[in-house]
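Asker: build me a model from this:
(2 chains)
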There are 2 protein chains.
Amino acid sequence: MGRKAKQIDTIRIAVDAMGGDYAPHEVVRGAVEAARERDIEVVLVGQQETVQKELSQCNLAGAKVGICQAEETVGSDEDPVRAIRQKQNSSITVGINLVKVGQASAFVSGGSTGAVAAAALLMLGRKKGISRPALGVVFDSPSGPVLLLDVGANADCKPKYLLQFAQMGSIYMSKIHSIASPRIGLLSNGEEETKGNKLARATHQLLAKSGLNFTGNVEGQELPKGSADVVVTDGFTGNVVIKLSEGLGQVFAELSKQAVDNNPHFGEAEKRILNYTALGGALLLGVKGNVIITHGKSDAGAIKQAVRLAAQMVEQRVAEAIGT
Amino acid sequence: MGRKAKQIDTIRIAVDAMGGDYAPHEVVRGAVEAARERDIEVVLVGQQETVQKELSQCNLAGAKVGICQAEETVGSDEDPVRAIRQKQNSSITVGINLVKVGQASAFVSGGSTGAVAAAALLMLGRKKGISRPALGVVFDSPSGPVLLLDVGANADCKPKYLLQFAQMGSIYMSKIHSIASPRIGLLSNGEEETKGNKLARATHQLLAKSGLNFTGNVEGQELPKGSADVVVTDGFTGNVVIKLSEGLGQVFAELSKQAVDNNPHFGEAEKRILNYTALGGALLLGVKGNVIITHGKSDAGAIKQAVRLAAQMVEQRVAEAIGT
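Answerer: Below is the predicted model:
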């Protein structure tokens, strides 16, 4: 690939070895697999002995893997900002700091979303021109990948924030998914520009004159079908959307389990869609660095994917391209 | 049933024969079936000749069915308020008027949701003590029926409105689903009372001291599982929720179709859940009358269910019990 030729140094990704429901076991395994298959160096951030013990069970042949000691961990029930301020030596703060001082090019964590976002905001800071960094999630639709943002960083938004989400999302989808001019949609309760709450109606006007490839409002039923490449909304609605999708997927999956188990026609693509919100991780866009927050239930395969995505974001200079 | 003993007069339900994608054929058939099976009189509102033609193909034995002439129809692409004001002789305005003047006890329509809601608001008026009538949808969860409101009548809400939605929902679920003390949930982006946008956080405080059986915030993934009997939210978020559920159901159903078709283990309950938003209809709560807006894609079976639900709402005096 032309891309690879341009890349001279090995890309170093910091991975929170202590974050997620299946940490450190699955996280370490996934990170090592990513490091073995591509020219990626992984720095596992966490309690040295624990991480070392997991590493000793992995096949490290050809893998560049290091450990960075971090004594503390942040629980998912802790207040994010307080935890980040008080636990200066947690795997999250240490990992984000590696990005800040340039010893890693990206940070991948399955820890508390709020805590990772808070650490990134407080320690890395916002990109210039971005009022509010946003959390984005990419899901598979029958028409291709769709980036939805914000999914939880900003419960209350202004139209200007949603415009910036659209700008960031457009950059991300063009760089990572090679879409020349990503179609931007605005989540709303009706197709017409007059539909929506005050926020959506005002955002519609901003997007219409933004120069982005704005294709109009997207209603809930269209969202999973992929009628736009990027869909913007406030973090309250976006959070309800991804969690509802996950919950409905679980309900449907439970009901379909027997059918899935017994039916050879029910293939991998279907299983993937039933789990689609669990794929990849959430991207924190708009901070000075590449940060990926994986789903808490990520297994080694999901961690490996996230590390590879982080490397791609570094190669494609996503964080650099956002803002001014 | 004791209920029936109390009911002396036949309940008369007005049905919009022209509303919905499969009107008048499926609507007339469904309404007639409801009238045949229970002690319900149905008044079909629409173009006399068209309705008469459909009726002539139905088995009317034992059914009390009348026709009320309404020359015009309201299209789903028309501006609701303008259409209602201009078309004084549409099936929607004539049907709502039957309720207003006491010639029918409820109105069932599969027409434009906005137009039916506008007609009800303008012609019947709000119940005293209700700032904003709300649209509610009942869906099946593994734990029982759940009423979600508002699903689209009020895109921008105040905390007070959501409190009233909870009060109305509690009355509905206790009267129609015989739940003694319905559990009230508030849709939010986190369980803790500190989570949410400004609206949700303020509403949480109101609900906590409301005297209702408020069980706290409900996150998106919990909503389809039925952790509360009534879930309140603003009409923007609620509309996205039901449309997204419908869209995901379609995507899943499409993928599962082969499995469903080929697998005897995939039973009726599963099929029902895959279609769950299509069940019943939306209830307009808070106006002076019982109004049900059925899904546009309702077939005769769905219309029959809606007419029977309307009769139950009349028997249980739902509209009377709401407000002061």
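Asker: could you pull out the strands for chain A?
Answerer: A:11-16, A:40-46, A:64-69, A:106-109, A:134-141, A:144-149, A:184-187, A:214-218, A:230-232, A:281-285, A:290-294 (DSSP state E).
Asker: between those, which one is nearest to chain B?
Answerer: strand A:184-187 (6.3 Å; C-beta to the nearest C-beta). C-beta: built from backbone N, CA, C; applies to glycine.
Asker: let me see the contact set for the residue most central in space within chain A.
Answerer: By C-alpha atoms, centre = their mean, chain A has its centre lying nearest to A:Ala282, at 2.1 Å. Residues counted as contacts of A:Ala282 (C-beta atoms under 8 Å, 6 or more residues apart in numbering or on different chains) are A:Thr113, A:Leu135, A:Gly136, A:Val137, A:Val151, A:Gly152, A:Ile292, A:Ile293, A:Thr294, A:His295.
Asker: returning to that earlier point: kindly reformat the strands of chain A as TSV containing distance to A:Cys157 and mean pLDDT.
Answerer: Output for these, formatted as TSV (distance: least, C-beta to C-beta, whole Å; pLDDT from 0 to 100):
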stretch	distance to A:Cys157	mean pLDDT
strand A:11-16	28	97
strand A:40-46	32	97
strand A:64-69	35	97
strand A:106-109	24	98
strand A:134-141	9	92
strand A:144-149	11	94
strand A:184-187	12	98
strand A:214-218	16	98
strand A:230-232	9	98
strand A:281-285	14	92
strand A:290-294	19	96
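Asker: of the ones you listed, which approaches B:Ser143 most closely?
Answerer: Shortest separation from B:Ser143 across the strands of chain A is recorded for strand A:134-141, at 26.8 Å, computed as C-beta to C-beta.
Asker: quick one: strands adjacent to that closest one?
Answerer: Strand A:134-141 sits in its sheet next to strand A:144-149 (antiparallel), strand A:281-285 (antiparallel), going by DSSP bridges.
Asker: hey, C-alpha coordinates of that strand in PDB?
Answerer: Taking C-alpha atoms only, strand A:134-141 is exported to PDB below (Å, rounded to 0.1, in the frame of the first residue of the first chain):
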ATOM      1  CA  ALA A 134     -17.800  14.400  20.500                       C
ATOM      2  CA  LEU A 135     -18.100  10.600  20.900                       C
ATOM      3  CA  GLY A 136     -18.700   8.800  17.600                       C
ATOM      4  CA  VAL A 137     -19.700   5.300  16.900                       C
ATOM      5  CA  VAL A 138     -19.500   3.500  13.500                       C
ATOM      6  CA  PHE A 139     -22.000   0.800  12.700                       C
ATOM      7  CA  ASP A 140     -22.600  -1.400   9.700                       C
ATOM      8  CA  SER A 141     -25.700  -0.700   7.700                       C
END
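Asker: contacts for it, please.
Answerer: With C-beta under 8 Å, 6+ apart as the contact definition, strand A:134-141 has outside contacts at A:113, A:117, A:145-154, A:161, A:164-165, A:168-169, A:172, A:224-226, A:235, A:238, A:242, A:245, A:272-273, A:276-277, A:279-286, A:293, B:251.
Asker: which among the residues you listed count as buried?
Answerer: Buried subset of these (neighbour count, 16 or more other C-beta atoms under 10 Å in any protein chain shown): A:113, A:117, A:145-154, A:161, A:164-165, A:168-169, A:172, A:224-226, A:235, A:238, A:242, A:245, A:273, A:276-277, A:279-286, A:293, B:251.
Asker: in this structure A:Asn197 contacts B:Asp234, no?
Answerer: Yes - A:Asn197 is within contact range of B:Asp234, at 7.2 Å (criterion: C-beta atoms under 8 Å).
Asker: compare the two (neighbour count), which wins?
Answerer: Set side by side, A:Asn197 and B:Asp234 show more neighbours around B:Asp234, with 29 against 21, by other C-beta atoms under 10 Å in any protein chain shown.
Asker: do I have it right that that one meets B:Ala153?
Answerer: No - under the criterion of C-beta under 8 Å, B:Asp234 is not in contact with B:Ala153, lying 10.0 Å apart.
Asker: where does the stretch 1-150 of chain A have low pLDDT?
Answerer: Scanning the stretch 1-150 of chain A for pLDDT under 70 picks out A:1-8.
Asker: residue of it closest to chain B, please.
Answerer: Closest contact between the stretch 1-150 of chain A and chain B, by C-beta to the nearest C-beta, is at A:Pro142 (6.9 Å).
Asker: pull the contacting residues for that residue.
Answerer: Listed by C-beta under 8 Å, 6+ apart, the contact set of A:Pro142 reads A:Lys225, A:Gly226, B:Val251.
Asker: mind putting those residues into TSV with pLDDT and distance to B:Gln312?
Answerer: Formatted as TSV, the contacts of A:Pro142 follow (pLDDT from 0 to 100; distance: C-beta to C-beta, whole Å):
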residue	pLDDT	distance to B:Gln312
A:Lys225	90	36
A:Gly226	92	40
B:Val251	76	33
